[in-house]
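Novice: Return a 3D structure for these sequence lines:
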Amino acid sequence: MEKQLANDIMIAELRQVTKTVEGIKGNTVTIVDHIDFQLPDNRITALLGPSGSGKSTLIKIMSGLQRPTSGEVIFRDKPLYAPSPNISIVFQNFALFPWLTVLENVTIVLKAKGMDDARITGRALKILDTIGLDGFEDAYPKELSGGMKQRVGFARALIVEPELLCMDEPFSALDILTAENLRREIIDLWMDKKLPTRAILLVTHNIEEAVFFADECVILSKNPGRIRAKFSIDLPHKRNPESDEFKMFIDMIYQLLTNPEAEAESIQSRFLVAREKYQMLPNAKPGAVAGLLELVFERGGEEDIYKLSDELQMEVDDILPIVDAAVLLQYVRVTEGDITLTENGKEFVTADILGRKVNFSRQVVEHVALVKQILRLLNTKKNHRLHEDFIGEYLMKFFTEDEAQRQLDIAITWGRFAEVFSYDATTGELYLESPAP
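Specialist: Got it, this is the predicted structure:
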């Protein structure tokens, strides 16, 4: 279940990091032991574990505030030995200077660097506005609520425009409603690319918070802290805490944290089996998949994904959904960034128009759970018709409203291209022209 990150850009990573301290009796106490994990560009990584697992120690090591006893911290492909101006940290206890105003608390870091006052003020006003503190520039911490104080903490961390933002349980000191509101605002800013940072490391003890934020999750065991599990949380933002998939991730993490003796892979495997019926369809049109297969075929049946994206002048993030669709339909295999046509893929490319339809229909019905489910429902209806809202309401149990509609649109596009069912855009109905016996 751990995502392959070999070809992603890494902002930072820990390599075999161990931290020991001297105990009260003069003995050596190991806090964390041989920790390896990476922080990819444009991803949020959550670090969870029970008390005593070394979460706070690791975030301090990652940010350069502490040195590991052994192992190394890599930031932008270079060893990190001290705090970096490109790494900021948000603490749980606000850590504001009570005698300074909001503006002064936020700008103190840049003033210490000797930056020009006009540039400092301009940057500060911009980040204060972004983080929701416009109009509070001259207020003192004693005048602010807990939520507003933490906004100041975020603004102070972000004003240096860090490539890596570390957050050490930043919402734990807030009341439930304030914390929930601030979480949603922060993720909105992240998704809208309004936060001046490239990657986020979130330390939390709150499982729901981790599932809400994280793209990657690292679970620690304790005494000493070791990595118990690493995996991707591949749910679309903005996430629906009421969806079954969201709850399934919560349940899996809970089991990993509360069953230290159980094999982590066994827990994750059970989760994967339970999750199969909520398959996520990549947002790619059949024509785009066909075009990709033809390009790979012309290059001898194998090509590097990143070379393809360069030649097509497409961002990698734009070509990946097309690759994912081809993988789902078993037209290609992807290994360490190389895409290779399968026999099904070669059959599709070399077929005529009718042959391609037959091939695509076979692969869709066999491998796309939602299309298979729609087809089954249509065959059970006497008139073999079904309104799209019925499927949309069902999908909203597992996805946000926007993602549910996107999944339905993709399934309809693929199903129509495969000619396994038809769709009347005027009435919004899916129907069978030739019902199965």
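
Novice: Pull out the buried residues from stretch 145-165.
Specialist: For stretch 145-165, the neighbour count (16 or more other C-beta atoms under 10 Å) marks 147-160, 162-165 as buried. Placement of C-beta: from N, CA and C, glycine included.

Novice: again with stretch 96-113
Specialist: For stretch 96-113, the buried set under the neighbour-count rule, 16+ other C-beta under 10 Å, comprises L96, T101, V102, L103, E104, N105, V106, T107, V109, L110.

Novice: with those in mind, which one is nearest to K222?
Specialist: The nearest member of the buried residues of stretch 96-113 to K222, counting by C-beta to C-beta, is L96 at 31.4 Å.

Novice: Which strand or helix spans that closest one?
Specialist: Here L96 sits in a region with no helix or strand, counting by DSSP states H and E.

Novice: Residue ranges in the chain under the pLDDT threshold?
Specialist: Low-confidence segments of the chain, defined by pLDDT under 70, are located at 1-8, 112-114, 269-270, 272-278, 316-317, 336, 434-437.

Novice: mind giving me the domain split of it?
Specialist: Recorded structural domains for the chain (assignment: automatic domain parsing) are 10-86+162-277, 286-431.

Novice: Turn those domains into TSV, including distance to A139.
Specialist: As requested, the domains of the chain are arranged in TSV below (distance: least, C-beta to C-beta, whole Å):
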stretch	distance to A139
domain 10-86+162-277	17
domain 286-431	36
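
Novice: how about those domains, which one is nearest Y140?
Specialist: Nearest of the domains of the chain (C-beta to C-beta): domain 10-86+162-277, 18.6 Å.

Novice: roughly how far out does that closest one sit from the chain middle?
Specialist: Distance, stretch centre to chain centre, for domain 10-86+162-277: 12 Å (C-alpha atoms, centre = their mean, to the nearest Å).

Novice: Ok, stretch 360-373 next?
Specialist: Average the C-alpha atoms of stretch 360-373, do the same for its chain, and the two points are 27 Å apart (C-alpha atoms, centre = their mean).

Novice: before we move on, what about stretch 395-402?
Specialist: Here the centre of mass of C-alpha atoms in stretch 395-402, compared against the chain's by C-alpha atoms, centre = their mean, lies 17 Å away.

Novice: Same question for stretch 98-113.
Specialist: Distance of stretch 98-113 from the chain centroid (C-alpha atoms, centre = their mean) equals 33 Å.

Novice: circling back: go through the domains of the chain and name the closest to G132.
Specialist: Of all these, domain 10-86+162-277 comes closest under C-beta to C-beta, at 6.6 Å.

Novice: Buried residues of the longest helix anywhere in the chain, list them for me.
Specialist: Counting residues, the longest helix found in the chain (DSSP state H) is helix 401-418. The neighbour-count check on helix 401-418 (16+ other C-beta under 10 Å) flags 403-404, 406-408, 410-415, 417-418 as buried.

Novice: quick one on the thing from earlier: which ones among the buried residues of stretch 145-165 map onto helices?
Specialist: Judged by DSSP H, helices contain the following of those: G147, M148, K149, Q150, R151, V152, G153, F154, A155, R156, A157, L158.

Novice: In JSON lines: the residues you listed, plus distance to L177.
Specialist: What follows is these, written out as JSON lines (distance: C-beta to C-beta, whole Å):
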{"residue": "G147", "distance to L177": "9"}
{"residue": "M148", "distance to L177": "14"}
{"residue": "K149", "distance to L177": "16"}
{"residue": "Q150", "distance to L177": "14"}
{"residue": "R151", "distance to L177": "15"}
{"residue": "V152", "distance to L177": "19"}
{"residue": "G153", "distance to L177": "19"}
{"residue": "F154", "distance to L177": "18"}
{"residue": "A155", "distance to L177": "21"}
{"residue": "R156", "distance to L177": "24"}
{"residue": "A157", "distance to L177": "23"}
{"residue": "L158", "distance to L177": "23"}
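
Novice: and V364, that's in a helix?
Specialist: Yes - remark: V364 belongs to a helix, assigned using DSSP: H, G, I helix; E, B strand; the rest coil.

Novice: Do I have it right that it meets W414?
Specialist: Yes - V364 is in contact with W414 according to C-beta atoms under 8 Å; the separation is 5.4 Å.

Novice: overlap in contacts of the two?
Specialist: Here V364 and W414 have V371 as joint contacts, going by C-beta atoms under 8 Å, 6 or more residues apart in numbering.

Novice: Stretch 154-170: end-to-end distance?
Specialist: The first and last residues of stretch 154-170 sit 9 Å apart, counting by C-alpha to C-alpha, to the nearest Å.

Novice: and it, how far out from the chain's middle?
Specialist: Mean-position distance between stretch 154-170 and its chain equals 18 Å (C-alpha atoms, centre = their mean).
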